[in-house]
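Q: What follows is a predicted structure for the sequence shown.
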Amino acid sequence: MILDLLKSTLHLNNHIKAALFTTFTLLVFVALYFSELSNKPLPFKENASMTEGTLVRADGTQRGIWLIIRDKSTNELKKFLALPDYTELPKGLTKSRGNHITITHFGELVTGCNLESVGFCTPRCGEAYECKAISIKHSAEALRHTSITIFVFLVGIVLHYFFWAKKSPKD
């Protein structure tokens, strides 16, 4: 009787371990999904616009640099995102507060900038179709990376199951 109880407890513990492992794997997939979702490029307008003003703040993140600019014509604060995929970002932009800046952008997405009338950010795309092509390319790469990661996790789960099944007590 005690031996049967011990066997059922061990068998139950294996199920709990398998459930915890599956839950952990599911959480990793959800984290990957949200990670890829946060790296999705911003939608942009078809025509490039220019904004001229004073750089109030520039904060670097993992994605790029957020720029807050006081628009010269309206005196409003505007927020823009400079991503390395769309513009080459040299060092020192985050330390240039208070300087005059002119940016070229599609919506909030910066493609080029001049700091104190000197070219500072070099655009990697000049037309909307070029930026869309870059966006499609990065979406495809993100899908490929996520697919490879999911495949590796699934192979790991299958191998883990087969090795675990050999060690689990037989009824």
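A: Sure, I can see it. Numbering: from 1, shown residues only.
Q: Check which helices and strands the longest helix anywhere in the chain sits against.
A: Of all segments of type helix in the chain, defined using DSSP state H, the longest is helix 128-167. Applying 3 or more C-beta pairs under 8 Å, 6 or more residues apart in numbering; DSSP states H and E, we find helix 128-167 packed against helix 2-38. All C-beta spots, glycine's among them, are computed from the backbone N, C-alpha and C.
Q: What strands line up against the very next helix or strand once past the helix it packs on, and which way round?
A: Next along the chain after helix 2-38, taking DSSP states H and E as the criterion, comes strand 49-60. Using DSSP bridges, strand 49-60 pairs in its sheet with strand 65-71 (antiparallel), strand 100-106 (antiparallel).
Q: Just want the angle from the last one to helix 128-167.
A: Strand 100-106 and helix 128-167 meet at an angle of 70 degrees, taking axes from the mean of the first three to the mean of the last three C-alpha atoms, to 10 degrees as the criterion.
Q: Could you check the angle the helix or strand following strand 100-106 makes with strand 65-71?
A: Following strand 100-106 in sequence order, the next helix or strand is strand 109-115 (DSSP H and E). Between strand 109-115 and strand 65-71, the angle formed by their directions is 60 degrees, by the same axes, to 10 degrees.
Q: For the remainder of this discussion, apply numbering that starts at 54.
A: Shifting the count to begin at 54 puts that one at strand 162-168.
Q: Just the C-alphas of strand 162-168, formatted as PDB.
A: The C-alpha coordinates for strand 162-168 follow below in PDB (Å, rounded to 0.1, in the frame of the first residue of the first chain):
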ATOM      1  CA  LEU A 162       9.700  58.100 -37.800                       C
ATOM      2  CA  VAL A 163      12.900  60.100 -38.300                       C
ATOM      3  CA  THR A 164      14.900  59.500 -41.500                       C
ATOM      4  CA  GLY A 165      17.400  62.300 -41.300                       C
ATOM      5  CA  CYS A 166      18.400  65.300 -39.300                       C
ATOM      6  CA  ASN A 167      20.600  68.400 -39.300                       C
ATOM      7  CA  LEU A 168      22.000  69.700 -36.100                       C
END
